[in-house]
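Student: Just need the structure, nothing else, for what follows:
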Amino acid sequence: MPDGNCMEIYTPDNNLLFRVYFVDAHNMSTHGGNGKHTSNGSNGNTTSFDPMTDPQKRLLFRLLSHDKLEGDQAHKKLLELFSVKSLSEVSKRDASSMIEQLLEKRN
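Tutor: I've put the predicted structure just below:
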């Protein structure tokens, strides 16, 4: 189990959808601790981009469906919310943040 904080997302009937671990990026190796490629930014900090996962994408679409947005409408809304031209530009971190916001909005 990774070191750091953990956030769990559950369905309304209390089934675990997914678990997200938050780790301190400053303590990670130059390969992000997971063997994936990282690059150095202009300020010398190591950065990496992990695109949002398919389960995150499905959950985002499911959450938008509660607002009667489905298919192309939901896709356009997500592009707008993330300010991107393609959902492949959305990071896991940004997707998690948006999921939290949409879940809070529902409550």
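Student: how about the helices of the chain, start to end?
Tutor: 54-65, 71-82, 92-106 (DSSP state H).
Student: Export the ones you listed as TSV, with columns for mean neighbour count, mean pLDDT and distance to Ser48.
Tutor: In this view, the C-beta of every residue, glycine as well, is placed from N, C-alpha and C. What follows is the helices of the chain, written out as TSV (neighbours: other CB atoms under 10 Å; pLDDT from 0 to 100; distance: least, CB to CB, whole Å):
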stretch	mean neighbour count	mean pLDDT	distance to Ser48
helix 54-65	16	93	17
helix 71-82	14	94	18
helix 92-106	15	91	10
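Student: Go through those and name the closest to Asn5.
Tutor: Closest approach to Asn5 among these (CB to CB): helix 92-106, 11.8 Å.
Student: That closest one relative to helix 71-82, how many degrees between them?
Tutor: For helix 92-106 against helix 71-82, the angle by axes from the mean of the first three to the mean of the last three CA atoms, to 10 degrees is 110 degrees.
Student: so how far is helix 92-106 from its chain's centroid?
Tutor: Chain-centre distance of helix 92-106: 8 Å, with CA atoms, centre = their mean, to the nearest Å.
Student: Can you name the residues in contact with it?
Tutor: Contact with helix 92-106 is made by 7, 9, 20, 50-53, 56-57, 59-60, 63-64, 66, 81-82, as judged by CB atoms under 8 Å, 6 or more residues apart in numbering.
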